[in-house]
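Trainee: Structural data only, the sequence is not supplied:
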């Protein structure tokens, strides 16, 4: 459990650092085109994903208390939680792979040009993260898709209510991740001098 909380804190720190790093150049980057712009957007997306994962975990922790309050009766709460986490997983992992690949490519180019310990450490981390994310996707996507199909197959048993509740929860965590990142980026953009791009 300590490892889980440690990883959660690391995830939060990385999401914050990503948002701050994008915010330092946000005004300038939006005026650009090409690789620099795409790189900034990929870091923005990774920050959104990081915050979305934090909000997902918080909502999953709170859901046993929230589901009865919003009137979820007659639906297996485990089914709600599993469907919610599977759909969110699919959305997150399909955004992580291309964004992470672009971040990895940029860190490899940066290391190739600078060849210093800092850029080497970033490249090492991004390589580890990309390999891990692809591995998680290969193992997890088929299982998540199968569970979603099984959960949503058939009719009755409150499936309509289940879809609405899970859909709203997924939209909530995605929007919360986006607005958290956007708030940090815009705040840093207004307060920090831009770095050389």
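Mentor: Received the coordinates, thanks. Remember, it's a predicted structure, so these values are computed and weren't measured experimentally.

Trainee: Centroid-nearest residue for the protein?
Mentor: Of all residues in the chain, the one closest to the mean position by Cα atoms, centre = their mean is residue 49, 1.5 Å from it.

Trainee: Could you pull up the contacting residues of it?
Mentor: Shown in contact with residue 49 (Cβ atoms under 8 Å, 6 or more residues apart in numbering): 15, 92, 95-96, 99, 177. For glycine as for every other residue, the C-beta is placed from the backbone atoms N, C-alpha and C.

Trainee: ok, now residue 23?
Mentor: 184-189, 192.

Trainee: Next: residue 38.
Mentor: With Cβ under 8 Å, 6+ apart, residue 38 has these contacts: residue 102.

Trainee: On the three-state scheme, residue 79 is what?
Mentor: Assigned with DSSP: H, G, I helix; E, B strand; the rest coil, residue 79 falls in the helix class.

Trainee: isn't it right up against residue 151?
Mentor: Yes: shown here, residue 79 and residue 151 form a contact pair, counting by Cβ atoms under 8 Å, at 5.9 Å.

Trainee: How about residue 176, nearest residue that isn't a chain neighbour?
Mentor: Leaving aside its chain neighbours, residue 176 sits nearest to residue 55 (4.5 Å; criterion: Cβ to Cβ, 6 or more residues apart in numbering).

Trainee: isn't that neighbour right up against residue 179?
Mentor: No: with contact defined as Cβ under 8 Å, residue 55 does not reach residue 179; the gap is 10.2 Å.

Trainee: between those two, which one's more packed in?
Mentor: Counted by other Cβ atoms under 10 Å, residue 55 and residue 179 do not tie: residue 55 has more neighbours, with 19 against 12.

Trainee: per-residue confidence for that one?
Mentor: pLDDT, residue 55: 94.
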